[in-house]
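Colleague: heads up, no residue letters with this:
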């Protein structure tokens, strides 16, 4: 069976254009395109007679088409959600003051939380999201603080997880909380981020109920600017993924959000 014409038979000018489109300030673009073409032909020759490359090409094309259609669907409904969000809350500066909450997560949180009046407390807000630890008991056995309950709506839970992942790099108190869970309690990144998301859900409810803009605060509960917050957080963010983070003090519970 002959190999597919596209990988090895693609025009050099076409490949060069693709490489140039996805690279910056590279002088050897034609050489890179030639290397890609040679590798593609070698790959096709290697599998010739062992793999139905034509069928594989059809399968991959169908998956790429499905992916493109799914992205278009997501973009279309995201646009609708933003329009409804803006009609109800305008630019919604209140919820956008929350760390990690932006134009993508804000409409989702507003859709479920509204003005927060449908929930009685910050704890119930976190329970509603479904990011509180679940308890399991049977007979004489009790295992508290197991995996999260996941009793809430999945889109809302994902929105808070995504927001929490960003918030820990913006809010000094949440950064210290994340750092402590990772270094002192043995949590993995996902566990610690979920815990941050839970705190963020509680703070979101308090912000919506009070109607007061969220303020970043240091570990003593004093308001700080975004620039100052970044400076406080920087020592706790490792320069490399595997490097050990520096110690960060525990936030005070007497003032501020903690």
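Modeller: Structure received. Quantities reported herein were computed from a predicted structural model and do not represent experimental measurements.
Colleague: where exactly do the helices run in the stretch 51-200 of the chain?
Modeller: For the stretch 51-200 of the chain, applying DSSP state H, counting those that start in this stretch gives helices covering 53-89, 93-96, 105-113, 122-129, 154-167, 172-184, 189-210.
Colleague: Using TSV, please lay out those together with mean pLDDT and distance to residue 33.
Modeller: To be clear about C-beta, it is placed using only N, CA and C from the backbone, and glycine gets the same treatment. Shown next, in TSV, are the helices of the stretch 51-200 of the chain (pLDDT from 0 to 100; distance: least, CB to CB, whole Å):
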stretch	mean pLDDT	distance to residue 33
helix 53-89	91	21
helix 93-96	95	44
helix 105-113	93	40
helix 122-129	93	49
helix 154-167	95	37
helix 172-184	94	44
helix 189-210	95	38
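Colleague: The ones you listed into JSON lines, with extra columns for distance to residue 219?
Modeller: Below are these laid out as JSON lines (distance: least, CB to CB, whole Å):
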{"stretch": "helix 53-89", "distance to residue 219": "32"}
{"stretch": "helix 93-96", "distance to residue 219": "24"}
{"stretch": "helix 105-113", "distance to residue 219": "26"}
{"stretch": "helix 122-129", "distance to residue 219": "20"}
{"stretch": "helix 154-167", "distance to residue 219": "15"}
{"stretch": "helix 172-184", "distance to residue 219": "6"}
{"stretch": "helix 189-210", "distance to residue 219": "14"}
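Colleague: Export those as JSON lines, with columns for distance to residue 228 and mean neighbour count.
Modeller: Below are these laid out as JSON lines (distance: least, CB to CB, whole Å; neighbours: other CB atoms under 10 Å):
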{"stretch": "helix 53-89", "distance to residue 228": "29", "mean neighbour count": "11"}
{"stretch": "helix 93-96", "distance to residue 228": "20", "mean neighbour count": "16"}
{"stretch": "helix 105-113", "distance to residue 228": "24", "mean neighbour count": "21"}
{"stretch": "helix 122-129", "distance to residue 228": "26", "mean neighbour count": "20"}
{"stretch": "helix 154-167", "distance to residue 228": "16", "mean neighbour count": "20"}
{"stretch": "helix 172-184", "distance to residue 228": "9", "mean neighbour count": "22"}
{"stretch": "helix 189-210", "distance to residue 228": "19", "mean neighbour count": "21"}
